[in-house]
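Undergrad: Structure for the following, please:
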Amino acid sequence: MKYDIHQSTAYSYASSVPVARHVVRMVPVDRPNQRVVASHFVVEPEPVEWTETRDFFGNKVVHIRIETPHKSFTVKTRARVEVDAPAAIAPDSGPSWEETREAADESLDLSALSPAHFLFASPVVPLSEPITSWTAESFPPGRPMLAACIDLMTRVFTDFTYDSRATDVSTPALEAFTMRRGVCQDFAHIMIAGLRGLGLPAAYVSGFLRTEPPPGKERLQGADATHAWVAVWCGEEIGWQGLDPTNDLLVATDHVVLAIGRDYTDVAPIGGVVFGSGKQKLNVEVDVIPLPAEPPAVSKP
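TA: Numbers count the residues shown, from 1 in each chain. Modelled structure (predicted):
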């Protein structure tokens, strides 16, 4: 699939902001099964300082400083991205979850996507006994890792209600778990907390969803904003697999990755410090538009 992505994030402030610093992760980069054909990124008002870096996990990070008094701040991204479907894997193939746990625990790899970085509690995903116990129901002895994770994903989708008013960006995973309500961020954090509680590696992924579904399919939940899902490590052969508990599906060509990290704090689309007073309003618009398939090349005799 090839997509044109139009993203706009706009903040409006109750009072004028004289100085602001922001850290922005809103530009996709090349990843396995994903290639960025072109991208363009702008902010308003114009910053006096602009620095682009890559963090440890390979995410593109833009540091900006604004010294023009302003009552609004806007980030716009335009990109064309190609997404390939990952190789089909039978859920019951591959190692058991116990074998996966042992392999992750013994891994000597310290590269960015080593399972070692995603085994332990992180800033907003502490280990939680209630979440771990609930998660363990999907992991009976000897069950293949991927099959168990898919079962867990389906249980999150079935047992929890998508409710954008129930939580906010600061809601702890245990609180959302207790309410059985929340949004994609909450569902990802709950799933990650449960997997890590069993000693299994799980990463937090932020990105975009295809805006309009293919003919005959339902529109995905979370398609109008930045979305979140989970990547689980299923052993050396199968590697990392994406699971979207908000929509109960394996990640394939409907998802575009923005950033990968241990939890939301590693991948937050926009962070920073604003010097001002009063409340602020946020408006996010995302369109991920599929482009028509190119006709196959015709060879001349």
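
Undergrad: going forward, measure contacts between C-alpha atoms and count neighbours the same way
TA: Noted.

Undergrad: Surely residue 232 is in a strand?
TA: Yes: assessed with DSSP: H, G, I helix; E, B strand; the rest coil, residue 232 lies in a strand.

Undergrad: hang on, it packs against residue 205?
TA: No: Residue 232 lies out of contact with residue 205 (CA atoms under 8 Å); the separation is 10.4 Å.

Undergrad: Looking at the two now, which is surrounded by more residues?
TA: Taking other CA atoms under 10 Å, residue 232 and residue 205 do not tie; residue 205 has more neighbours (26 against 23).

Undergrad: Surely the more buried one is within a strand?
TA: Yes: the assignment for residue 205 by three-state DSSP puts it in a strand.

Undergrad: Residue 121 versus residue 223, what's the distance?
TA: 29 Å (CA to CA, to the nearest Å).

Undergrad: out of the two, which sits in the more crowded spot?
TA: residue 223 (20 against 17).

Undergrad: In contact with the more buried one, which residues?
TA: Residues in contact with residue 223 (CA atoms under 8 Å, 6 or more residues apart in numbering) are 208-211, 286-287.

Undergrad: Out of those, grab the one that's most surrounded.
TA: Counting by other CA under 10 Å, top hit in the contacts of residue 223: residue 209 with 27 neighbours.

Undergrad: Select the longest strand from this protein.
TA: strand 2-17 (DSSP state E).

Undergrad: show me where pLDDT drops low in the stretch 1-150 of the chain?
TA: Scanning the stretch 1-150 of the chain for pLDDT under 70 picks out nothing.

Undergrad: repeat that for 90
TA: 86-88, 93 (pLDDT under 90).

Undergrad: now the helices for it?
TA: Using DSSP state H, counting those that start in this stretch, the helices found in the stretch 1-150 of the chain span residues 97-106, 129-136, 145-159.

Undergrad: The first one relative to helix 145-159, how many degrees between them?
TA: Right, helix 97-106. Counting by axes from the mean of the first three to the mean of the last three CA atoms, to 10 degrees, helix 97-106 lies at 110 degrees to helix 145-159.

Undergrad: Give the buried residues for helix 97-106.
TA: 97-101, 103-104 (16 or more other CA atoms under 10 Å).

Undergrad: same check, this time on the longest one
TA: Along helix 145-159, the positions that meet the burial threshold by neighbour count (16+ other CA under 10 Å) are 145-157.

Undergrad: neighbouring contacts of that helix?
TA: 91-98, 100, 135, 138-139, 180, 187, 191, 232, 234, 243-248, 250.

Undergrad: Among the residues you listed, which are located in strands?
TA: 232, 243-244, 250.

Undergrad: And the buried residues of helix 97-106, which is closest to residue 79?
TA: residue 104 (35.1 Å; CA to CA).

Undergrad: these two touch, right, the closest one and residue 201?
TA: Yes: because the distance of 7.2 Å satisfies CA under 8 Å, residue 104 is recorded as touching residue 201.

Undergrad: ok, how many other residues are close to the residue nearest to residue 60 when sequence neighbours are not counted?
TA: For residue 60, ignoring the flanking residues on the chain, the nearest one in space by CA to CA, 6 or more residues apart in numbering is residue 54 at 4.7 Å. Neighbourhood size, residue 54 [other CA under 10 Å]: 12.

Undergrad: what two of the buried residues of helix 145-159 are the furthest from one another?
TA: 145 and 157 (18.6 Å).

Undergrad: still on that earlier bit, just the CA trace of the longest strand of the chain, in CSV.
TA: Taking C-alpha atoms only, strand 2-17 is exported to CSV below (Å, rounded to 0.1, in the frame of the first residue of the first chain):
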residue,chain,number,x,y,z
LYS,A,2,1.1,3.6,-0.7
TYR,A,3,-0.4,6.4,1.3
ASP,A,4,-0.4,10.2,1.3
ILE,A,5,-0.5,11.4,4.9
HIS,A,6,-1.8,14.8,6.0
GLN,A,7,-1.5,15.6,9.7
SER,A,8,-2.2,18.8,11.6
THR,A,9,-1.9,19.3,15.3
ALA,A,10,-3.0,22.7,16.6
TYR,A,11,-2.8,24.2,20.1
SER,A,12,-4.6,27.4,21.1
TYR,A,13,-3.7,29.2,24.3
ALA,A,14,-5.7,31.3,26.6
SER,A,15,-2.9,33.9,26.9
SER,A,16,0.0,34.9,24.8
VAL,A,17,3.1,32.6,25.1
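
Undergrad: Thank you kindly, that will do.
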